[in-house]
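>>> Test case, fold it:
(one chain, ligands or ions: 1)
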Amino acid sequence: MDYFLYKNGQLHAEDVAVAEIAKAVGTPFYLYSAATFRRHFRLFEEALAGMDHLICYAMKANGNLAILKLMADLGAGIDVVSGGEYAKARAAGVPGDRIVFSGVGKTPAEMKLALTGGIRQFNVESEPELMALSRVATSLGKIAPITIRVNPDVDAKTHAKIATGKSENKFGIPIAKARAAYQQAAALPGIEVVGIDVHIGSQLTDLAPYEAAFNKVADLTHQLRADGHNIKRLDLGGGLGIPYERSNEAPPLPIEYGEVVRRTVGDLGCEIEIEPGRLIAGNAGILVASVIYLKHGEGRDFLILDAAMNDLIRPAMYEAHHDIIPVVEPVPGTEQSLVDIVGPVCESGDTFAKQRNMAPLQADDLVAFRSAGAYGAVMASEYNARPLIPEVLVEGDQFAVIRARPSFEEMINRDTMPVWL
Ligand code: LLP
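Next comes the predicted model:
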């Protein structure tokens with residue numbers, strides 16, 4: 001559930017009319033609900049209640065500083081995947097001992113940044129990374145706490161571009177090689193083994209792959225302990241899916257996911273970490289856009305919006321569905337018709353939805369893309385020299401711009417001219 005609801009025929013974010021924000025900020029823009037972010041975080045807290053745990057919000061889903069602070073204030077840890085994300089998490093006030101560092105290609109500079117700034121653990125993804133981390137840590141006179149990300153070879157049954165737990169994916173160390181990798185880790189100076197990490201993919205709508213993966217992690221925990229390793233922490237990754245198409249999707253709830261965690265790894269005496277991103281941020285945000293034109297084509301109508309693929313790439317990149325709703329609620333019984341909903345970018349791929357049933361809309365009307373809070377703003381670009389769109393946060397009856405729209409001048413001035421040109 002989220003806090004984007006129609007009240008008196010007008011879409012609201014919590015207690016603020018979306019149209020009012022559009023008037024103040026201009027479209028397109030991202031709009032987030034603080035209450036929804038908090039609610040989703042608490043769902044995971046409830047799901048893991050009674051188990052020693054830390055919810056490490058995967059900031060790749062939405063890394064705005066205000067969102068990070070909101071999460072940190074709830075006691076969240078943060079999952080980062082780059083030096084930039086680490087620096088942003090710290091800038092938002094997240095203590096180092098609540099930051100886990102994931103990612104398949106951490107550089108020595110990123111390792112140094114985290115080791116000097118403070119880190120909870122590195123989730124190591126290969127033997128060469130293990131050696132590099134040991135070298136960096138030793139040179140700094142530090143010990144790097146690590147888990148090894150194991151690849152359990154389970155099919156997450158999600159979109160191929162966001163599945164990560166099959167042996168054909170680039171992620172983790174094959175679970176069959178894990179014992180050897182842990183042996184190697186234990187022998188390295190500068191490395192301290194603290195646990196095991198696994199992440200099998202994103203937008204999972206079935207719990208069975210989790211059950212299979214976590215059972216393998218439980219078995220590995222016993223083996224590694226027998227080998228003499230101190231396995232005190234299990235990082236189970238993120239990935240729980242959300243309903244993008246509300247009329248016909250009902251993915252498992254955090255509480256059901258929590259039951260799988262409890263059943264598979266709950267009695268190992270380990271601290272449990274999870275790294276949810278999408279479930280916390282996805283339905284806590286919408287993208288608000290205006291209709292520029294309604295164009296009658298050959299046998300089909302096009303609704304041309306002022307938002308484009310550079311602002312929200314998911315439909316173009318993953319054929320992802322986003323519900324798109326009018327900001328003024330259609331009166332019940334309004335007849336709908338089929339339209340293609342597109343942006344102004346010069347590519348056919350700049351299509352948000354094909355043959356979507358919509359109530360009649362005309363130029364200047366506002367629409368909202370639902371489920372746009374995760375992997376929306378963070379994946380945006382300035383393609384076609386379209387400045388990054390603003391982000392706005394609502395809390396009750398107040399709202400604030402948490403990232404302003406750059407002017408053309410600011411965008412242009414980021415390029416620099418060689419002296420010889
Ligand atoms: N932990 C690790 C190691 C990850 O790679 C990811 C996501 C997460 C946690 C968070 O997963 P979540 O709970 O958000 O599903 N851009 C794609 C999604 C890519 C996900 C990459 N990794 C999209 O728009 O669907």
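>>> Report the separation between the closest residue to the ligand within the stretch 1-150 of the chain and Gly77.
Scanning the stretch 1-150 of the chain for proximity to the ligand using C-beta to the nearest ligand atom identifies Ala58 as nearest, at 3.6 Å. In short, each C-beta sits where N, CA and C put it, glycine included. Remark: distance between Ala58 and Gly77 (C-beta to C-beta, to the nearest Å) = 10 Å.
>>> Can you pull the phi/psi pair for Glu127?
With angles defined as degrees, to the nearest 10, Glu127 sits at phi -70, psi -40.
>>> quick one: stretch 178-198 to chain centroid distance?
Mean-position distance between stretch 178-198 and its chain equals 28 Å (C-alpha atoms, centre = their mean, to the nearest Å).
>>> Arg38: what's it in contact with?
Applying C-beta atoms under 8 Å, 6 or more residues apart in numbering, we find Arg38 in contact with Leu70, Leu74.
>>> And the residue of the stretch 1-150 of the chain closest to the ligand, its phi and psi?
The main-chain torsion angles of Ala58 are listed as degrees, to the nearest 10 and equal phi -80, psi 100.
>>> just Ala250 next, same as before
The phi and psi torsions at Ala250 (degrees, to the nearest 10) take the values phi -140, psi 80.
>>> excluding its backbone neighbours, what's nearest it?
Among residues not flanking Ala250 along the chain, Pro243 sits closest, at 6.3 Å (C-beta to C-beta, 6 or more residues apart in numbering).
>>> can I assume that neighbour is in contact with Glu249?
Yes. In this structure, Pro243 sits in contact with Glu249. The criterion is C-beta atoms under 8 Å, and the distance is 4.1 Å.
>>> between the two, what contacts are shared?
What both Pro243 and Glu249 touch, as defined by C-beta under 8 Å, 6+ apart, is an empty set.
>>> Report the contact partners of the closest residue to the residue of the stretch 1-150 of the chain closest to the ligand other than its chain neighbours.
Counting by C-beta to C-beta, 6+ apart, Gly277 is the residue found nearest to Ala58 once chain neighbours are left out, at 3.2 Å. With contacts taken as C-beta under 8 Å, 6+ apart, Gly277 has the following neighbours: Tyr57, Ala58, Met59, Lys60, Ala61, Asn62, Asp79, Ser202, Gly238, Ala374, Tyr375.
>>> So between Pro243 and Glu249, which is more surrounded?
A count of neighbours by other C-beta atoms under 10 Å puts Pro243 above the other of Pro243 and Glu249, at 16 against 12.
>>> OK, contacts around that one?
Under the contact definition (C-beta under 8 Å, 6+ apart), the residues listed for Pro243 are Glu249, Ala250, Pro251, Asn283, Ser371.
>>> Give me the buried subset of these.
When neighbours are counted using 16 or more other C-beta atoms under 10 Å, the contacts of Pro243 contain these buried positions: Pro251, Asn283, Ser371.
>>> out of the residues you listed, which one sits closest to the ligand?
Sorting these by distance to the ligand puts Ser371 at the head of the list, at 10.1 Å, by C-beta to the nearest ligand atom.
>>> Could you check the pLDDT of the closest one?
Per-residue confidence for Ser371 comes out at a pLDDT of 98.
>>> doesn't it fall inside a strand?
No. Using DSSP: H, G, I helix; E, B strand; the rest coil, the assignment for Ser371 is coil, not a strand.
>>> Would you agree it is in contact with Asn283?
Yes. Using C-beta under 8 Å as the test, Ser371 is close enough to Asn283 to be in contact (5.3 Å).
>>> any idea how far Phe399 is from Asp15?
Phe399 sits 10 Å away from Asp15, going by C-beta to C-beta.
>>> who has more neighbours, those two?
When Phe399 is set against Asp15 and neighbours are counted by other C-beta under 10 Å, the residue ahead is Phe399, at 23 against 14.
>>> is the more buried one in a bridge, and if so with what?
Phe399 forms beta bridges with Val394, as assigned by DSSP bridges.
>>> Return the residues of the protein in contact with the ligand.
Along the chain, the residues adjacent to the ligand under the rule C-beta under 6 Å from any ligand atom are 58, 60-61, 79, 102, 162, 199, 202-203, 237-239, 275-279, 314, 318, 374-375.
>>> Mark which of those residues are part of helices, please.
Arg278, Leu279, Arg314, Tyr318 (DSSP state H).
>>> dump the residue contacts of the third one.
Put plainly, it is Arg314. Shown here is Arg314, whose contacts under the criterion C-beta under 8 Å, 6+ apart are Ala320, His322, Tyr375, Gly376, Met379.
>>> biggest strand in the protein by residues?
Using DSSP state E, we find that the single longest strand of the chain is strand 285-296.
>>> coming back round to it: report how many residues lie close to the residue of the stretch 1-150 of the chain closest to the ligand.
Look at Ala58: counted by other C-beta under 10 Å, it has 28 neighbours.
>>> wait, isn't it in contact with Ile274?
No. Checked against C-beta under 8 Å, the pair Ala58 and Ile274 is beyond contact range at 9.3 Å.
>>> so what sits against both of these two?
Going by C-beta under 8 Å, 6+ apart, residues that sit against Ala58 and also against Ile274 are Gly238.
>>> Assess the claim that Ala186 and Gly228 are in contact.
Yes. A contact is recorded between Ala186 and Gly228 when judged using C-beta under 8 Å, the distance being 7.5 Å.
>>> Appreciated, that's everything.
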